[in-house]
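>>> Fold the following, please.
(chains A, B, C and D)
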Protein chains: 4
Amino acid sequence: VRARDLGITPGILPTGPLNAITDVKGVKVAHHTLKAPPAINTGATVIIPADGNLRQNPVPAAVYIANGYGKLAGISQIMELGEIETPIVLTNTLNVAEGIAATVEWTLAQPGNEDVRSVNAVVGETNDGFLNDIRARAVTKDQIKETLDKAVSGPVTEGAVGAGTGTVAFGWKGGIGTSSRRLPASLGGHTVGVLVQANYGGVLTIDGHKIGEQLDQYYLKDAVGTDASADGSIMIVVATDAPLSDRNLLRLAKRATVGLARTGSSMTNGSGDYILAFSTHPSVRRDNSADALDQNTLPNSRMSPLFQSVAEATEEAIYNALLMAEDTIGHRGTIKALPVKDVKNILMKSQ
Amino acid sequence: VRARDLGITPGILPTGPLNAITDVKGVKVAHHTLKAPPAINTGATVIIPADGNLRQNPVPAAVYIANGYGKLAGISQIMELGEIETPIVLTNTLNVAEGIAATVEWTLAQPGNEDVRSVNAVVGETNDGFLNDIRARAVTKDQIKETLDKAVSGPVTEGAVGAGTGTVAFGWKGGIGTSSRRLPASLGGHTVGVLVQANYGGVLTIDGHKIGEQLDQYYLKDAVGTDASADGSIMIVVATDAPLSDRNLLRLAKRATVGLARTGSSMTNGSGDYILAFSTHPSVRRDNSADALDQNTLPNSRMSPLFQSVAEATEEAIYNALLMAEDTIGHRGTIKALPVKDVKNILMKSQ
Amino acid sequence: VRARDLGITPGILPTGPLNAITDVKGVKVAHHTLKAPPAINTGATVIIPADGNLRQNPVPAAVYIANGYGKLAGISQIMELGEIETPIVLTNTLNVAEGIAATVEWTLAQPGNEDVRSVNAVVGETNDGFLNDIRARAVTKDQIKETLDKAVSGPVTEGAVGAGTGTVAFGWKGGIGTSSRRLPASLGGHTVGVLVQANYGGVLTIDGHKIGEQLDQYYLKDAVGTDASADGSIMIVVATDAPLSDRNLLRLAKRATVGLARTGSSMTNGSGDYILAFSTHPSVRRDNSADALDQNTLPNSRMSPLFQSVAEATEEAIYNALLMAEDTIGHRGTIKALPVKDVKNILMKSQ
Amino acid sequence: VRARDLGITPGILPTGPLNAITDVKGVKVAHHTLKAPPAINTGATVIIPADGNLRQNPVPAAVYIANGYGKLAGISQIMELGEIETPIVLTNTLNVAEGIAATVEWTLAQPGNEDVRSVNAVVGETNDGFLNDIRARAVTKDQIKETLDKAVSGPVTEGAVGAGTGTVAFGWKGGIGTSSRRLPASLGGHTVGVLVQANYGGVLTIDGHKIGEQLDQYYLKDAVGTDASADGSIMIVVATDAPLSDRNLLRLAKRATVGLARTGSSMTNGSGDYILAFSTHPSVRRDNSADALDQNTLPNSRMSPLFQSVAEATEEAIYNALLMAEDTIGHRGTIKALPVKDVKNILMKSQ
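Next comes the predicted model:
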């Protein structure tokens, strides 16, 4: 089930129609799921930010690093130029190379890119090395290239799929989750969509309810210094149709950590917690060959409702990732899905 | 009342004996409260990080800027050198100059500083311009110098005192709050103490309970773009006796935003949200005249329980700031304290 | 003399008509010089970035910190919002407080600012504690307010004036210097102007000539670890009429270090090396009350000639600061001006 | 020839015995050169920072991004943890993926790493797409793995080899260059070594001599906005045996830009200019399984002579890269080496 099916509605703002990152027009998603249990539980998820040739017409973008223990590729060019010029690929920690190779070759092969000799691939990862024999490096360049070709708009499959096939969160099965918020017209009417690859931990709280403590499974429960149950990382991708400068996209990205915090993360040492944010608004689309950019952006003073939106959508996307996942038999053991029935009971008790 | 008096115990870790920043040995605090209602409601709060001559023997330190819409002085030298060489002063936005002048003169006058010709004053602020006639710039250099002289260890007065005299949070009266966490011996036994000057807003949540929504007072309630009710800033000061490098102090500072997020902030555009963190451990104390520093620090892999500590203590310090405040008649109107009775009722309903 | 009077013409690009920061239309400058030798040699220099009410209509801006051992105030808000809302004040290290107080009061008093309750003062400094009894804190708030009122466009006085009255550079008398570059129309025709407060050191090189070594005065000459002759700081202010985003202003600011490096600095530990950059172009001027900003900016691909400009103008501004200075009798000794005749001889030898 | 063979001795400090990065004990280097003219001129260069198992015992490290238009992998983890846990690989822009895959597989296969499931590969690049058919992605994972196995201490081959096989600098043939500085005992006696992959441009200056202008080949010569002759990137790797914290390694890395600036770069928009720095001193070596790190580091106040060292060594390494290169027939044309005879003549004229 999704969080809303259980009456979980974090925050105060309405969702978009799909309650998914694809509520932002032009955003496309696809998964490649690799399941050969018990050894192999991994895959890739791709997000194509916008229509058209991204290499010639990048989208303004930003990356915020909440905890940099991770291998996200493409960081410095996003920061320097304020833009993303490729799809975003998510996969496991040891297959980042294949994600880059796929993105490079796919981009070189796009019509209009015959003279391109530089590609800044953006490839994120989390470590699925408990459920997946990650040292086998099972994801291939060709699988990712094919996944890029099949990305579509519309509803997004959640749970143990794509780059979330082998992830674990709060000791339960993690996965891919998504959510969105759409501001009322009086606040601009813009949409913010979020997709997460959830593979981290802490003390699980769902919309304020102390699920982790009540189900007796949480970080530091045994107060052992070597307890690493909270580690593991989360990749968060934020899309918006609001016309934002790259600086304000960075500020927006940062607010995804607000949602992350509310789920019970304290961004532990071993968790690579990254947020990518981009705008699809035509007025801020870049043109590499232009002499000047005529951009109509929101001023700083209009940002706060968008900040609230990304906080809420990130929180809910994470709940969706957990609630849509399923028990998974893996390389080093079995991980149970969050028990929906128990969660329901806890929620009911406090009505 | 303090949060614990109502049974509010955010997180899973125990507090220190005072549940205050002064649980970290050597930390001293004092307030100067300026109340001449309705026009003047302001003041200053000072934190002296450690015993001894700070200018000759700075403490390792870091500053994390969650949202930089503010005037915190001293930032770049803390970042460059990884240390704080003075007390920390908190006051209102338009009296930062007086805070710097006071810190400079106080430092020049300390025994042993006869040849000092450079002082990096660290002065934070929030804007109390609703309850206080801030344009009057009422806080004086001499008041702050005297406050520096009277800083003491022991319990810390909370609520509408010192730099919190005129602050507002979530539409209720804000103020100064403090809290601490002490790790069990198995996790190192270190203490993390937090002091906040709370003057921001959002959708108030107390330990997961949607207080703001239930009391019908929260950011974007009227969905008006010009609604600035969430703005206003928070200064967070984090002390620890764990022997940390400045890099790990920066990571620690960042995790205070986790606690901030859980109270219902989405770090709005107009809110200057800053965190200062320092370590008092003798092994990491700096010596400006030494040829080498022999430091015994915690490795990265030991940081996570400290991250959990600062998240929890920040959250609770904010609740204390709100719950200890009182109704205040001010320059542009009256601000009510959070109604403790109503909060109690909401908490009881969901037991 | 100015550098060009000696035939020193760093780089390949032409200057503006004044070869000064005021070649950027709208920029105004004034000095306040305090000379009461030997004890007092200090002052303040103010730069007003543009016409109009800066608080209501900030200029896009950035700050780059090459070495953060200094006290520049206002940093975080410039970074967060990408703008400057006040004049820029330069003074000595221990009078930053007076610079802030003056800027705040001056801004509050501007017509149209009757309701302003927040001011982000931008006050930079270098340490003139050798020639000036800096602990006396001789510069007053009122002096700086008066200086703000008398800022004008047109030629800029250089050398031992204003905030440069007591500075020392490379062991010779430093001071204020300025220079500019104007791009040919084919490269956009934009102007970049630079003003420096030079108070640092190293191994002086002038347009490639090893002046420091030939005059036998340079950093590490005696290879003594405690030799601090290279310390002391430089504040660099960069103005341009090119329509730049704040991100590209940050990139522009960073390139001022190229010019700094060419003069023989290696940005020593004790030197606070800061660069502020802003754009005066009307199309990028901010409007705090607007619903949207319609901005016509240069794309990343047009930045490189501007980078070359700021490198060249910074280098030349520093030479002007040195060459226009004069022997100064001060608090702890006398500092000679760079011997112009000797420099001339060295330059001639290598023709 | 190397720069010193022509009497070019930038700066004031002595070199180490090899005048190479390998003057820092424990540093190992190897090249893989791919030459199949005209189409293929590319390769890889690897630097192994220190003896022992880097994954279990990382070296403290930092990365400074002077201009982030590039694809350097591994950035965020270096910044977050302050350490490098693998060799450093340099190659061409479109073969970063192969560099990562090679580093990952090589690390997984090291004795003691049987349980490793996370590897932060550090792979830098410059774009050799003029002399090399870069879209062919000619460098393979296996070639890089073999190169890692053959890295050795001792003299380093310079010029058009390894990752420098196809690079171009200032319109002449670029390549790999190296240099070092050794401080006198009174300044600590430490060594700083630098290796560069030079592929950028600007207005070439050699030790102050305006070579670019005198040979009539420099950036903006024709003042055409689309002139990209200055673009292309430089990767700079800095090794030192001084016991430095990661923060001071970041400061050290930043000073490599001083040397870069002196060669005539203004860090143009399209140039990815990156510096990696690490310390090999045993006292700062990390231990991932330790409860505490006992580190004996240099204080901030001892850094300046090291800053001077890295500036000088970077400048000279770049001259070596240029002077050791040779004419190269490539994919889109031929690039001449810098004419040593002409350079010699220019140098002699100004004696």
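
>>> quick one: furthest residue from the center of chain A?
For chain A, the largest distance from the centre (Cα atoms, centre = their mean) belongs to residue A:291, which lies 34.2 Å off.

>>> Does that one touch residue C:302 like I think?
Yes: because the distance of 6.9 Å satisfies Cβ atoms under 8 Å, residue A:291 is recorded as touching residue C:302. Where C-beta positions appear, they are placed from N, C-alpha and C, glycine not excepted.

>>> Output the contacting helices and strands for the helix or strand hosting residue A:79.
Per DSSP states H and E: residue A:79 is located in helix A:75-81. When contacts are defined as 3 or more Cβ pairs under 8 Å, 6 or more residues apart in numbering or on different chains; DSSP states H and E, helix A:75-81 packs onto strand A:59-68, strand D:59-68, helix D:75-81, strand D:272-279.

>>> closest to residue B:164 out of the ones you listed?
With Cβ to Cβ as the criterion, residue B:164 lies closest to strand A:59-68 of those, at 28.6 Å.

>>> For chain C, tell me whether that closest one is touching it.
No: with Cβ under 8 Å from any Cβ of the partner chain as the criterion, chain C is not reached by strand A:59-68; the gap is at least 9.9 Å.

>>> all helices for the stretch 51-200 of chain A, in order.
Along the stretch 51-200 of chain A, counting by DSSP state H, counting those that start in this stretch, helices occupy A:75-81, A:96-108, A:141-149.

>>> deepest of these, which one?
Greatest average neighbour count among the helices of the stretch 51-200 of chain A goes to helix A:96-108 (a mean of 26), per mean count of other Cβ atoms under 10 Å in any protein chain shown.

>>> Also compute the angle for that one relative to helix A:141-149, please.
Relative orientation of helix A:96-108 and helix A:141-149, computed by axes from the mean of the first three to the mean of the last three Cα atoms, to 10 degrees: 50 degrees.

>>> Which neighbouring elements make contact with helix A:96-108?
Judged by 3+ Cβ pairs under 8 Å, 6+ apart, the packing partners of helix A:96-108 are strand A:88-92, strand A:122-126, helix A:141-149, helix D:96-108.

>>> mind saving the C-alpha coords of it as PDB?
Backbone C-alpha positions of helix A:96-108 (Å, rounded to 0.1, in the frame of the first residue of the first chain) are rendered in PDB as follows:
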ATOM      1  CA  VAL A  96      28.400   3.500 -10.800                       C
ATOM      2  CA  ALA A  97      31.000   2.900 -13.600                       C
ATOM      3  CA  GLU A  98      28.400   1.100 -15.700                       C
ATOM      4  CA  GLY A  99      26.000   3.900 -15.100                       C
ATOM      5  CA  ILE A 100      28.500   6.500 -16.300                       C
ATOM      6  CA  ALA A 101      29.500   4.400 -19.400                       C
ATOM      7  CA  ALA A 102      25.800   3.900 -20.300                       C
ATOM      8  CA  THR A 103      25.000   7.600 -19.900                       C
ATOM      9  CA  VAL A 104      28.000   8.700 -21.900                       C
ATOM     10  CA  GLU A 105      27.300   6.300 -24.800                       C
ATOM     11  CA  TRP A 106      23.600   7.000 -24.800                       C
ATOM     12  CA  THR A 107      24.200  10.700 -24.900                       C
ATOM     13  CA  LEU A 108      26.900  10.500 -27.700                       C
END
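
>>> Now find how far off-centre it is within its chain.
With Cα atoms, centre = their mean, to the nearest Å as the basis, helix A:96-108 stands 19 Å off its chain's centre.

>>> Show me the contact partners of it.
Applying Cβ atoms under 8 Å, 6 or more residues apart in numbering or on different chains, the contact partners of helix A:96-108 are A:44, A:54-55, A:71, A:73, A:85-87, A:89, A:91, A:113, A:116, A:119, A:121-123, A:125, A:137, A:139-145, A:148-149, D:73, D:94, D:96-98, D:100-101, D:104, D:121, D:135, D:137, D:141.

>>> Go again with 7 Å.
Outside of helix A:96-108, the residues that reach it under the criterion Cβ atoms under 7 Å, 6 or more residues apart in numbering or on different chains are A:44, A:55, A:71, A:73, A:86-87, A:89, A:91, A:113, A:116, A:119, A:121, A:123, A:125, A:139-141, A:144-145, A:148, D:94, D:96-97, D:100-101, D:104, D:135.

>>> if we can go back for a sec, could the helices of the stretch 51-200 of chain A be laid out in JSON lines, adding mean pLDDT?
Below are those laid out as JSON lines (pLDDT from 0 to 100):
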{"stretch": "helix A:75-81", "mean pLDDT": "98"}
{"stretch": "helix A:96-108", "mean pLDDT": "98"}
{"stretch": "helix A:141-149", "mean pLDDT": "98"}
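
>>> Identify, out of the helices and strands packed on helix A:75-81, the most deeply packed stretch.
strand D:272-279 (a mean of 29).

>>> That one - contacts with which helices or strands?
Counting contacts by 3 or more Cβ pairs under 7 Å, 6 or more residues apart in numbering or on different chains; DSSP states H and E, strand D:272-279 packs against strand D:59-68, strand D:122-126, strand D:234-240, helix D:246-262.

>>> ok, and does the shortest one reach over to chain A?
No: using Cβ under 7 Å from any Cβ of the partner chain, strand D:122-126 stays clear of chain A, with a minimum separation of 9.0 Å.

>>> ok, back up a step: please name whichever of the helices and strands packed on helix A:75-81 is nearest to residue D:9.
Comparison of the helices and strands packed on helix A:75-81 against residue D:9 by Cβ to Cβ identifies strand D:272-279 as nearest, at 22.4 Å.

>>> State the mean pLDDT of the closest one.
Averaging pLDDT along strand D:272-279 gives 98.

>>> Any chance you could list what contacts the next helix or strand after that strand?
Downstream of strand D:272-279, the first helix or strand assigned by DSSP H and E is strand D:293-297. For strand D:293-297, contacts defined as Cβ under 7 Å, 6+ apart pick out B:292-297, B:299, D:243-245, D:283-284, D:286-287.

>>> again, only this time at 10 Å
Contacts with strand D:293-297, where a contact means Cβ atoms under 10 Å, 6 or more residues apart in numbering or on different chains, come from B:243, B:245, B:283, B:292-300, B:302, D:60, D:242-248, D:279, D:281-287.

>>> Let me know the angle separating the helix or strand just after that strand from helix D:246-262.
Using DSSP H and E, the helix or strand that follows strand D:293-297 towards the C-terminus is helix D:304-323. With the same axes, to 10 degrees defining the directions, helix D:304-323 sits at 40 degrees from helix D:246-262.

>>> Against which helices or strands is helix D:304-323 packed?
Under the contact definition 3 or more Cβ pairs under 10 Å, 6 or more residues apart in numbering or on different chains; DSSP states H and E, helix D:304-323 sits against strand D:168-169, strand D:172-173, strand D:175-182, strand D:191-198, strand D:234-240, helix D:246-262, strand D:272-279, helix D:340-349.
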